[in-house]
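1. Coordinates for the following, if possible.
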Amino acid sequence: MTTTPPAEPVGPAQPSASSGLRVLPVVGLGEVRAGDDVAALLLGALEASGVALSDDDVLCVSTKIISKTRGLVIPAEGKQEAIAEQTVRLVARRRHVRTTTSIVEVPAGPVMAAAGIDGSNSPGGLLLLPGDPDSEAEELRAALVRATGRRLGVVLSDTSSRIWRVGVGDIALGAAGLRALEDLRGSTDADGRPLHVTVRALADEISAAADLVKGKASGVPAVVVRGLGGVVVDPADAVPARALSRTGEDDWFRRPSLESVWQALGIAAEHEPVAAMDPESDALRLHRAIEIARTPARTAPRPFPSTSTTPSHAPILEDEGPGPTGRLALVVRPHDDRGASWAAAGEFAERLRTAIGAESIARDLPVDVRVEGPRARMEP
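-> Next up, the predicted model:
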């Protein structure tokens, strides 16, 4: 499914909160259980909160509520197996102390740490994400509309980090009755200048605003967002939250820099090293680059060979220490003067330079690699 926004503007101009945006907490929901009727529970909590739904209200609900009512709870010891089952595509892995976190694309579309599996606010175990949050949002919206007769939107939100941003915030995993992406191209700004590229992540903005009231530990799993005129649309005109995920062919960042280079060098995903979340020492990064260079394409890593166990034609790597510029000098030598040995040395040197280059994208790894002929052998 393509995630490219529509080529032409859709719907009204940018919604306005000039009349005053209100974010109203829905309290008293209590702990939900598998099989509970979410719409009925929310309507009861709305009444207890003194909030009557109005036309054009958007109800923003934590996705955890849906996961609990669907029984998507697993024991903590099953987390790694569940992550593997929920993974559509492995993006990266990062190590923090003794814990390795997998960043993966999940069936719903987003790329999330640990496949979005989370134990916060879940005393019964870890919660899986629903497989189709947009459908869950539409089912909840339809039930609320039937019960109230109001024109409503629904957003299912969850906490996530964002690329190149520190910290977490809520994003939309599911949406119904509104345009999760609002295309403003073709309209004008406040000064009358035409907008050519602006496509607004409206459902994410609603989720972030709602999180200011819901919080992470306040026990408020749902809020009513009121005052965004023009947001709620007929179901036929709605844009699902899946459209917010740039995980198709439009994805410019399918893998981080390290993993992209490893993939280009032909390292199988299951044999890729795991880099740390925090900055690593130059020695560790160089060790990893050498390991990558030594790893044949699409095969498992092997121990670093020594001169006494090196197979025929395999190159020899020597550390000459800091050079005149202070950069470490590594010398790759062919095992002997045969052409096959020279070819193997040249190939290894290029793989090593490439792996070092990957390590240097974020922070320079001061290492130079050169190829020289084999050392003269001492006659007995």
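
2. Now do the lengthiest helix in the chain: which elements does it pack against?
-> Criterion DSSP state H: the longest helix present in the chain is helix 339-359. With contacts taken as 3 or more Cβ pairs under 8 Å, 6 or more residues apart in numbering; DSSP states H and E, helix 339-359 sits against helix 257-264, helix 282-294, strand 328-333, strand 367-371. C-beta here means a position set from N, CA and C on the backbone, and glycine is covered the same way.

3. please redo it, this time with the cut-off set to 6 Å
-> Applying 3 or more Cβ pairs under 6 Å, 6 or more residues apart in numbering; DSSP states H and E, one finds that helix 339-359 contacts helix 282-294, strand 328-333, strand 367-371.

4. Following the longest one in sequence, what is the next regular element?
-> Just to be clear, that refers to helix 282-294. Downstream of helix 282-294, the first helix or strand assigned by DSSP states H and E is strand 316-322.

5. Let's test this: name the helix or strand in the chain with the lowest mean pLDDT.
-> Across the helices and strands of the chain, mean pLDDT, DSSP states H and E gives its lowest value to strand 182-183, namely a mean of 80.

6. quick one on the thing from earlier: export the helices and strands packed on helix 339-359 to CSV and tack on distance to P123?
-> Shown next, in CSV, are the helices and strands packed on helix 339-359 (distance: least, Cβ to Cβ, whole Å):
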stretch, distance to P123
helix 282-294, 39
strand 328-333, 52
strand 367-371, 50
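
7. distance of the residue most central in space within the chain from R179?
-> Residue closest to the mean C-alpha point of the chain, counted by Cα atoms, centre = their mean, is V111 at 2.9 Å. Going from V111 to R179 by Cβ to Cβ, to the nearest Å gives 22 Å.

8. And for V155?
-> Using Cβ to Cβ, V155 is found at 11 Å from R179.

9. who has more neighbours, these two?
-> Between V155 and R179, counted using other Cβ atoms under 10 Å, the more crowded position is V155 (32 against 26).

10. and R353, what does it touch?
-> By Cβ atoms under 6 Å, 6 or more residues apart in numbering, the residues touching R353 are V369.

11. distance of it from V220?
-> Taken as Cβ to Cβ, the span from R353 to V220 is 54 Å.

12. Find the nearest non-adjacent residue to A115, please.
-> Q86 (3.9 Å; Cβ to Cβ, 6 or more residues apart in numbering).

13. Model confidence for that neighbour, exactly?
-> Q86 carries a pLDDT value of 94.

14. ok, and the closest non-adjacent residue to H335?
-> Sequence neighbours aside, S341 is the residue nearest to H335 in space, at 4.5 Å (criterion: Cβ to Cβ, 6+ apart).

15. didn't the one you found look like it was pressed against E347?
-> No - look at S341 against E347 with Cβ atoms under 6 Å: they stay out of range, at 10.9 Å.

16. Look at the two and report which has more neighbours.
-> S341 (20 against 13).

17. That one: what's it in contact with?
-> Applying Cβ under 6 Å, 6+ apart to S341 gives the contacts H313, P334, H335.

18. redo that, cut-off 10 Å
-> S312, H313, A314, P315, I316, R333, P334, H335, G373, P374 (Cβ atoms under 10 Å, 6 or more residues apart in numbering).

19. how close does the second one sit to L330?
-> When distance is defined by Cβ to Cβ, H313 is 19 Å away from L330.

20. and what of F348?
-> Counting by Cβ to Cβ, the gap from F348 to L330 is 11 Å.

21. Would you mind listing the residues touching both of these two?
-> Residues touching both F348 and L330 (Cβ under 10 Å, 6+ apart): I290, L317, V369.

22. ok, the second one touching H335?
-> So that's L317. No - if you go by Cβ atoms under 10 Å, L317 and H335 don't touch, sitting 11.3 Å apart.

23. A293 and E347 touch, don't they?
-> Yes - here A293 lies in contact with E347, judged by Cβ under 10 Å, at a distance of 9.4 Å.
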